[in-house]
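**Student:** Attaching a predicted model along with its sequence, questions to come.
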Amino acid sequence: MCEDEVPRAVSPEAPDYLRQTYWWAYGHPLAVWFWDRAPLINLVLLGNYRRLVAAALSSLSNPIEGAVLQVANAYGQLVPRIQRQLGEQGRFDLVDVLPLQLENAKRKLSLPDKRIRFHLCDACALPFPADRYDFVLVFFLAHELPAEQRRVMLSEALRVLKPGGRLVLLDFHCPHALHPFRLWQKAVFTLFEPFADDMWHNDLAGYLPAAVPHAVLEKEIFFGGLYQKLIVTKEEGRSRISGGAGFLPGQTGV
Ligand SMILES: C[S@@+](CC[C@H](N)C(=O)[O-])C[C@H]1O[C@@H](n2cnc3c(N)ncnc32)[C@H](O)[C@@H]1O
């Protein structure tokens, strides 16, 4: 279902954690105006922004001829770079729970482009059937979610991935004990990103649903372990999860 087809009555509400914890980051035009600048994003990621975007893009095929889903918009150049990498047969779906974020993504793309669709929906209730996408990309969303929503979001991401497809996750990771930015990053988490601390104590793959056969194909860490990329594939086999949160309203898929 594309954004234009979503009746207003079923438009998702912003989840509590977005309204209460990330009110300063995504939901207001001033926040978008302030944060969506390459030098600032690069500063937040301690100079690693380009490298992390390159790591994400290199995990997709080039050109992309299959179907890609990006779960949540990201500030910066990731979305237009995906458009540039799309082949003629490629398809790119972008979901976000905030209309403002989808509008902001559209502003950076050359549109119309019939290969690209925008979906106003919650990542924890994707309105897509199972096994649809060759690639599902989740760029720095997992750490922003409370643990339970993180599990549901990853379960949804894996549900809509085709068997043999690639789920590409980029996020924070526990740095080396003597990492020079360890205390700085800890302070940022404490002040602004209360759920991100989980990334230091738990393996990100541990939030994937045990009920769906999957395997971690690749784990790469960056910048002294502060960031990670995981590539996960869904294996053939009978999933114990049927339907999906968004596809069958009322079920959470976990
Ligand atoms: C991908 S995350 C963080 C990315 C990183 N801070 C950046 O911008 O590069 C930010 C996006 O996630 C979206 N988001 C947060 N929770 C969501 C959810 N449950 N479903 C869909 N989008 C969500 C926000 O609206 C925002 O656009």
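**Tutor:** Arrived safely, thanks for sending. For clarity, every value in this text was computed on a predicted model and none was experimentally measured.

**Student:** contacts, neighbours, all on C-alpha from now
**Tutor:** OK.

**Student:** buried ones in the lengthiest helix in the chain?
**Tutor:** For the chain, the longest helix by residue count, based on DSSP state H, is helix 147-160. By neighbour count with 16 or more other C-alpha atoms under 10 Å, helix 147-160 contains the buried residues 149-160.

**Student:** just checking, next helix/strand downstream of it?
**Tutor:** Counting by DSSP states H and E, the next helix or strand C-terminal to helix 147-160 is strand 161-172.

**Student:** Against which helices or strands is that next one packed?
**Tutor:** The contact analysis (3 or more C-alpha pairs under 8 Å, 6 or more residues apart in numbering; DSSP states H and E) places strand 161-172 against helix 49-58, strand 133-139, strand 227-234.

**Student:** residues in contact with it?
**Tutor:** 52, 56, 59, 130-143, 157-158, 196, 199-200, 226-236 (C-alpha atoms under 8 Å, 6 or more residues apart in numbering).

**Student:** which stretch of helix or strand covers residue 122?
**Tutor:** With DSSP H and E as criterion, residue 122 is part of no helix or strand.

**Student:** you'd agree it is up against residue 12?
**Tutor:** Yes: if you go by C-alpha atoms under 8 Å, residue 122 and residue 12 touch, sitting 6.3 Å apart.

**Student:** Compare the two (neighbour count), which wins?
**Tutor:** residue 122 (22 against 16; other C-alpha atoms under 10 Å).

**Student:** Please list all residues in contact with that one.
**Tutor:** 12, 95-97.
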